[in-house]
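Colleague: fold the stuff below for me.
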Amino acid sequence: MIELRKLVVFLFVLALFIYLVWINVKVLNKFEHKRFLSVLMIGGLGLILAGTFFDVISSLIHMKSNIVISVCFTVGAVIFVIAIILWSNYMAKIMIALNESAHNDPMTGVYNRMGFEKVFKKKIEMQKSFYVMVFDLDKTKIINDNFGHLKGDQYIIRTARIIKDEIGKNGFIGRTGGDEFVAFLENINEEEIEDIKYFIKNHVSNIFYKQNTQVSIGYSRYKKDGETFEELLNFADKKMYEDKNSIEIV
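Modeller: Numbers count the residues shown, from 1 in each chain. Sure, this is the predicted structure:
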């Protein structure tokens, strides 16, 4: 007579096996380079299914299949667990990559606006003094028109690298528009901010020195010039446009 407990276990594993095969056919076959993991999962669960099947029929045919059942369960479980671990590791890498693509600018590698604001919110909760800097590249259109968009992209990428290098461990940078950036800086004073501003301007002007490339920069200080991201950004924008106008006058 078939034991109900064994039958329930067999039916459960059978349903799981069918579902896993369906998932592999419908979804996992799109990951051709990971087909080996699919085979491992199905093979491991298939051995477990075989073990539960022999366990069910052993009482009917009066066969001594304890060794076969144990081997099926043990080997199947080991293979299945290894496949799950490998697949989980692969999916974790995918999730990290998706998170980076959602919060990082693909061209420059710095944060996009959404990513910058997310990190900014975490920083603002600490209630420490910090600065927000905004950057607007000048003559990007001239570079694009005269040398092509690839050179224009290089102009933007190299500027992002310059800003990132100058800020260093004191903060982080985000790209908010085509040739516009914003940065967060902490653990520095206004004199150091001015030094960073000077060095960034100097380095950017040498990217295409014959074209007299420039970057307009403005900054604001938390609590002194605003307490929200929008307030700090607006104040820094005003200072940036003042800087831009002074460059145009010169």
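
Colleague: rest of the way, CA atoms for contacts and neighbours
Modeller: OK.

Colleague: okay, now the sheet partners of the helix or strand containing Ala183, with direction.
Modeller: Using DSSP states H and E, Ala183 falls within strand 180-186. Strand 180-186 has these partner strands in its sheet, going by DSSP bridges: strand 130-138 (antiparallel), strand 171-175 (antiparallel).

Colleague: for Lys210, find the nearest of those.
Modeller: With Cα to Cα as the criterion, Lys210 lies closest to strand 130-138 of the strands paired with strand 180-186, at 13.7 Å.

Colleague: and after the lengthiest helix in the chain, which helix or strand comes next?
Modeller: Taking DSSP state H as the assignment, the helix of the chain that covers the most residues is helix 66-103. Once the chain leaves helix 66-103, the next helix or strand it forms, by DSSP H and E, is strand 111-112.

Colleague: which strands and helices lie in contact with that following strand?
Modeller: In this structure, strand 111-112 packs against strand 171-175, with contacts taken as 3 or more Cα pairs under 8 Å, 6 or more residues apart in numbering; DSSP states H and E.

Colleague: any idea of the angle the strand it packs on forms with helix 66-103?
Modeller: 80 degrees (axes from the mean of the first three to the mean of the last three Cα atoms, to 10 degrees).

Colleague: which residues does strand 171-175 contact?
Modeller: Identification of contacts with strand 171-175 by Cα atoms under 8 Å, 6 or more residues apart in numbering yields 105, 110-113, 115-116, 163-164, 181-186.

Colleague: and that strand, what's buried?
Modeller: Within strand 171-175, the residues that qualify as buried are 171-175, counting by 16 or more other Cα atoms under 10 Å.

Colleague: one more: stretch 12-21?
Modeller: By neighbour count on 16+ other Cα under 10 Å, the buried set for stretch 12-21 is 13-14, 17, 20-21.

Colleague: which of the buried residues of strand 171-175 sit farthest apart?
Modeller: Greatest spacing in the buried residues of strand 171-175, by Cα to Cα: Gly171 and Arg175 (14.0 Å).

Colleague: alpha carbons only: can I get the strand holding Ala183 in CSV?
Modeller: C-alpha atoms of strand 180-186 as CSV (Å, rounded to 0.1, in the frame of the first residue of the first chain):
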residue,chain,number,x,y,z
GLU,A,180,26.1,69.6,-17.1
PHE,A,181,27.4,68.0,-13.9
VAL,A,182,26.7,68.3,-10.2
ALA,A,183,29.0,67.3,-7.3
PHE,A,184,28.8,66.7,-3.6
LEU,A,185,31.8,67.7,-1.4
GLU,A,186,32.3,67.3,2.4
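
Colleague: what mean pLDDT does that strand have?
Modeller: Mean per-residue pLDDT for strand 180-186: 93.

Colleague: next, give phi and psi for Pro106.
Modeller: When read as degrees, to the nearest 10, the backbone of Pro106 gives phi -70, psi -30.

Colleague: tell me the predicted confidence for it.
Modeller: pLDDT, Pro106: 84.

Colleague: one more: Lys141?
Modeller: The model's pLDDT for Lys141 equals 86.

Colleague: what's the closest non-adjacent residue to it?
Modeller: Gly152 (7.8 Å; Cα to Cα, 6 or more residues apart in numbering).

Colleague: by contact count, what packs against the host helix or strand of that neighbour?
Modeller: Using DSSP H and E, Gly152 falls within helix 149-167. When contacts are defined as 3+ Cα pairs under 8 Å, 6+ apart, helix 149-167 sits against helix 140-147, strand 171-175, helix 190-205.

Colleague: mind exporting the helix or strand in which Met240 is found as CSV, just the C-alpha atoms?
Modeller: Here Met240 sits within helix 229-249, counting by DSSP H and E. Coordinates of the C-alpha atoms in helix 229-249 are reproduced here as CSV (Å, rounded to 0.1, in the frame of the first residue of the first chain):
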residue,chain,number,x,y,z
PHE,A,229,18.6,69.6,-2.9
GLU,A,230,16.5,72.0,-5.0
GLU,A,231,17.5,75.0,-2.9
LEU,A,232,21.1,74.2,-2.9
LEU,A,233,21.0,73.5,-6.7
ASN,A,234,19.2,76.7,-7.4
PHE,A,235,21.7,78.8,-5.4
ALA,A,236,24.7,77.0,-7.1
ASP,A,237,23.1,77.6,-10.5
LYS,A,238,22.9,81.3,-9.9
LYS,A,239,26.5,81.4,-9.0
MET,A,240,27.3,79.3,-12.0
TYR,A,241,25.6,81.7,-14.4
GLU,A,242,27.4,84.6,-12.7
ASP,A,243,30.6,82.7,-13.5
LYS,A,244,29.5,82.1,-17.0
ASN,A,245,28.7,85.7,-17.6
SER,A,246,32.1,86.8,-16.3
ILE,A,247,33.8,84.3,-18.7
GLU,A,248,31.8,85.8,-21.6
ILE,A,249,32.8,89.3,-20.6
